[in-house]
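Engineer: Need a 3D model of the following:
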Amino acid sequence: MAKLLIAEDNEAARSALRQLATSWGYEVVAVDDGAPAWDILQRPDAPALLLLDWNMPRLDGLELCRLVRAVPRLAGSYIILLTGRTADTDLLAGLEAGADEYLAKPVNHLELRARLQAGRRIVELQQRLAGKIAELEEALKQVQTLDGLLPVCAYCKRVRDDRNYWQQLEAYIAAHSRAQVSHGICPECFETRVRPELAALGVEPGPNFPQPPGP
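Structural biologist: Sure, this is the predicted structure:
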């Protein structure tokens, strides 16, 4: 259920808006001024859909818009500003303060419902996008890369990890990067190790014997 914050100093209008929004399926928090609305917006579970009256005694809707837009955490808030002001300059002032929608009083209920539905879709889309970004950032943190000084035994070539365990180099690389290790024989080791071992067994590498890559 979408959360809606209503800030309206007129008790009758606030009650009517609350009843309408509740009947449309919103979880409504209604207050009589911008000051308590601002307090509610400090909560971790604050509503992201805001319906604000312009004229309120302590903190009006216009100033509350500015406060909301100044806080990065509240950037996803969708603000509908209600007012009896209808001049073009007032409309411009409301939008410049950060309102997404501007509805003149008396409010048309069908129009209000449509604007709330549009705002709800936008808020939900932003929340899903924020969730995907958070998942991506967490995934990036889990990407392991080889970096810094790598302790390798001079004799057996095993690698010491950050828990002071020694393990084969290929196992360490596989655990700390996305590289895959394949095994082969370099030309030097073929001549100094493999060929003598084969000779000791009386085996002469034929043309079909796997040969090391050239230099």
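Engineer: So in this structure, where's the weakest helix or strand by average pLDDT?
Structural biologist: When each helix and strand of the chain is scored by mean pLDDT, DSSP states H and E, helix 169-176 comes last, with a mean of 70.
Engineer: Pull that helix out as CSV, backbone CA atoms only.
Structural biologist: Output in CSV follows, covering the C-alpha atoms of helix 169-176 (Å, rounded to 0.1, in the frame of the first residue of the first chain):
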residue,chain,number,x,y,z
LEU,A,169,48.6,-20.6,-7.2
GLU,A,170,45.8,-21.6,-9.6
ALA,A,171,43.3,-22.1,-6.7
TYR,A,172,44.2,-18.6,-5.4
ILE,A,173,43.7,-17.0,-8.8
ALA,A,174,40.3,-18.7,-9.2
ALA,A,175,39.2,-17.5,-5.8
HIS,A,176,40.3,-14.0,-6.2
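Engineer: In the protein, where is pLDDT below threshold?
Structural biologist: The chain contains residues with pLDDT under 70 at 139-150, 154-155, 161-164, 172, 176-184, 205-215.
Engineer: One more pass at 80, please.
Structural biologist: Applying pLDDT under 80 to the chain flags residues 86, 136-187, 189-191, 193-195, 197-215.
Engineer: buried residues in stretch 185-198?
Structural biologist: Phe190 (16 or more other C-beta atoms under 10 Å). No exception for glycine: its C-beta is placed from N, CA and C like everyone else's.
Engineer: Kindly report the same for stretch 8-16.
Structural biologist: Along stretch 8-16, these residues count as buried under the neighbour rule (16+ other C-beta under 10 Å): 8-9, 13-14.
Engineer: what packs against the least confident helix or strand of the chain?
Structural biologist: Contact here means 3 or more C-beta pairs under 8 Å, 6 or more residues apart in numbering; DSSP states H and E; on that basis helix 169-176 packs against no helix or strand.
Engineer: Follow the chain on from it and name the next helix or strand.
Structural biologist: On the C-terminal side of helix 169-176, the nearest following helix or strand under DSSP states H and E is helix 187-189.
Engineer: need the next SSE after that following helix, C-terminal direction.
Structural biologist: Later in the chain than helix 187-189, the nearest helix or strand by DSSP H and E is helix 195-200.
Engineer: With just CA atoms, put that next one into PDB.
Structural biologist: Listed next in PDB are the C-alpha coordinates belonging to helix 195-200 (Å, rounded to 0.1, in the frame of the first residue of the first chain):
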ATOM      1  CA  ARG A 195      62.100 -34.800 -22.100                       C
ATOM      2  CA  PRO A 196      64.600 -36.200 -19.500                       C
ATOM      3  CA  GLU A 197      61.700 -37.900 -17.600                       C
ATOM      4  CA  LEU A 198      60.500 -39.400 -20.900                       C
ATOM      5  CA  ALA A 199      64.100 -40.500 -21.800                       C
ATOM      6  CA  ALA A 200      64.500 -42.200 -18.500                       C
END
